[in-house]
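>>> just need the structure, nothing else, for what follows:
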Amino acid sequence: MKKHVLPAALAVVAIVGLMAAFTAFDLPLATALQGRARGFARLFEIIGQIPFALILFAAPMILLFTSRARNAVARIMLGAVWAALSGLGAFFAVMQTVFNISGEDLASVARYLPLEIALTVLMMAGLALILRRAGRERLEGARRFAVVGLLLIILDMVTVEVLKNVFGRTRPRELAEAGNSFGRWFEIHGKTGRKSFPSGHSAYSFAAIAWSLLWKAKSVGRRNALAAGLLFGALTALSRVLIGAHFPTDVTMGGVITVSYALILSALFRDTRLQE
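Here you go, the predicted structure:
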């Protein structure tokens, strides 16, 4: 337990330092960065939530294939729930990608609905085939990822939405509109329809770190997957500032929320890992 105290303390100091620095320079940084590297920002607007959606797709399917329910009725009911959630995750991943590529055009989402449904079915069938061939032992190891990933998504979504409605912060790109003004992240405005703090995209992108649980603890694969997840989250967070959707404090807090939940959940569910 003691070996984790120093890293945890350093992480807290780093977070406090970042929030303090960004609080002091939130508006100047957002103003200076907004509109830069449009291609980069656009790319991560499209792909930023894909790892999050894929967790919602894969985790229920894993739980379906590793169900421990002994009662036949319970197995059928749980199976239906997990299959529905998996389908929802697959469809969300496809639909969100089309939505973002089309420039948030709902008409395009409707136009490509048959293709989106076909891709959803293919994704579910493909994953089911992979899991069926994986073997029970390896699937049991993947349960940890599935449980942690699913709970992480639920906690992320609830926390982010509640905080957005509590703080009601105006986004950088909304400041030019009449009647809007800059507010600090800690100022509570209530349910104003403004939802800058915290950044949902940033929080959801950092959920990519959950995929590292599919590798054995202390392995090179686990470290590489964790580093890739953190990098992906950081790049997505930067893109949100560049696109004018958030201030630096917004994206920092989004990352803090997800990483904190991931650490807590992974500590609570230590019993199973995927063997390499």
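>>> other residues contacting the helix-or-strand element of the chain with minimal mean pLDDT?
When the helices and strands of the chain are scored by mean pLDDT, DSSP states H and E, helix 106-111 comes last with a mean of 79. The contact list for helix 106-111, computed with Cβ atoms under 8 Å, 6 or more residues apart in numbering, reads 95, 98-99, 101-102, 116. Glycine gets a C-beta too; all of them are placed from N, C-alpha and C.
>>> list the buried residues for stretch 250-270?
250-259, 261-262, 265-266, 269 (16 or more other Cβ atoms under 10 Å).
>>> pull the most distant pair out of the residues you listed.
Using Cβ to Cβ, those span at most 29.3 Å, a distance reached by 250 and 269.
>>> can you show me the helices along the stretch 1-150 of the chain?
Assigned by DSSP state H, counting those that start in this stretch, the helices in the stretch 1-150 of the chain fall at 5-33, 38-47, 50-65, 72-101, 106-111, 113-134, 136-167.
>>> mean neighbour count, the ones you listed: which tops it?
helix 50-65 (a mean of 23; mean count of other Cβ atoms under 10 Å).
>>> alpha carbons of that one, as PDB, please.
What follows is helix 50-65, C-alpha atoms only, in PDB (Å, rounded to 0.1, in the frame of the first residue of the first chain):
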ATOM      1  CA  ILE A  50     -14.800   6.000 -30.300                       C
ATOM      2  CA  PRO A  51     -12.900   4.100 -27.500                       C
ATOM      3  CA  PHE A  52     -15.700   5.100 -25.100                       C
ATOM      4  CA  ALA A  53     -18.400   3.700 -27.400                       C
ATOM      5  CA  LEU A  54     -16.400   0.600 -28.100                       C
ATOM      6  CA  ILE A  55     -16.200  -0.200 -24.400                       C
ATOM      7  CA  LEU A  56     -20.000   0.100 -24.300                       C
ATOM      8  CA  PHE A  57     -20.100  -2.300 -27.200                       C
ATOM      9  CA  ALA A  58     -17.500  -4.900 -26.000                       C
ATOM     10  CA  ALA A  59     -18.100  -5.000 -22.200                       C
ATOM     11  CA  PRO A  60     -21.700  -6.200 -22.300                       C
ATOM     12  CA  MET A  61     -20.800  -8.800 -24.900                       C
ATOM     13  CA  ILE A  62     -18.000 -10.100 -22.700                       C
ATOM     14  CA  LEU A  63     -20.400 -10.300 -19.700                       C
ATOM     15  CA  LEU A  64     -22.900 -12.100 -21.900                       C
ATOM     16  CA  PHE A  65     -20.300 -14.800 -22.800                       C
END
